[in-house]
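Enquirer: mind folding the following:
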Amino acid sequence: MSLTSTTGRLQTLGAALGALGMAVTVGTALGFQHIGGYIPCKLCLEQRIPYYIGIPVMLLALVASLLKLPPLVTRGLLLVGALLMTWGIWLGVFHSGVEWGFWPGPTDCGVVAAPEGGGNLLDQLDAVIPPSCDQAAGRFLGLSFAGWNVVASLVLAAIAYVAAFRKH
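Expert: Coordinates of the predicted model:
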């Protein structure tokens, strides 16, 4: 299948599912952070970048499909979304490997001693210390947040690749 092949309902559905899935995934991470109180590490924050870029890309693919723009535009945007989620898979696998001790994480992502108490509220806000990248904040069904990001990225990449390359 070619990126210039005609598009149809499959591409519209793929773009919509991709945008929605990406928004739900990164929204869940933000919910755990802001509602659940989980402080993300440096690698956790980096794993969100493909979603922040991918959501608008998939929304553009959806608009392109609905407006019946040239197939290369719609399919090209879907491919970009798929590649972003492939990047997300790599980021999640790397972070999971750091958590499991398979390889070292970045040197600037370690536990630091907490500052002494006291001072004013602004000083205390500035003193929030992110967790180490090699310690999972928690595990659900054996997977950390990074592991679940791999699963979500795999599913979203598959949706986008199918929509980019399959006949309408």
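
Enquirer: centre of the chain to the helix or strand hosting Gly76, how far?
Expert: Here Gly76 is covered by helix 71-100, with elements defined by DSSP states H and E. The chain centroid and the centroid of helix 71-100 are separated by 8 Å under CA atoms, centre = their mean, to the nearest Å.

Enquirer: for that helix, buried residues please.
Expert: By neighbour count on 16 or more other CB atoms under 10 Å, the buried set for helix 71-100 is 71, 73-89, 91-96, 98-99. (C-beta placed from N, C-alpha, C; glycine too.)

Enquirer: helices and strands around that helix, which ones?
Expert: The elements that helix 71-100 packs onto, with contact taken as 3 or more CB pairs under 8 Å, 6 or more residues apart in numbering; DSSP states H and E, are helix 9-34, helix 42-47, helix 49-66, helix 145-165.

Enquirer: let's see that with 6 Å instead.
Expert: Helices and strands touching helix 71-100, by 3 or more CB pairs under 6 Å, 6 or more residues apart in numbering; DSSP states H and E, are helix 42-47, helix 49-66, helix 145-165.

Enquirer: ok, the closest residue to Leu143 other than its chain neighbours to Val93 distance?
Expert: Counting by CB to CB, 6 or more residues apart in numbering, Val151 is the residue found nearest to Leu143 once chain neighbours are left out, at 7.2 Å. When CB to CB, to the nearest Å is the yardstick, Val151 and Val93 sit 11 Å from each other.

Enquirer: now tabulate the helices and strands packed on helix 71-100 in TSV and tack on mean pLDDT, mean neighbour count and distance to Ser132.
Expert: Output for the helices and strands packed on helix 71-100, formatted as TSV (pLDDT from 0 to 100; neighbours: other CB atoms under 10 Å; distance: least, CB to CB, whole Å):
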stretch	mean pLDDT	mean neighbour count	distance to Ser132
helix 42-47	91	20	9
helix 49-66	97	21	20
helix 145-165	95	21	13
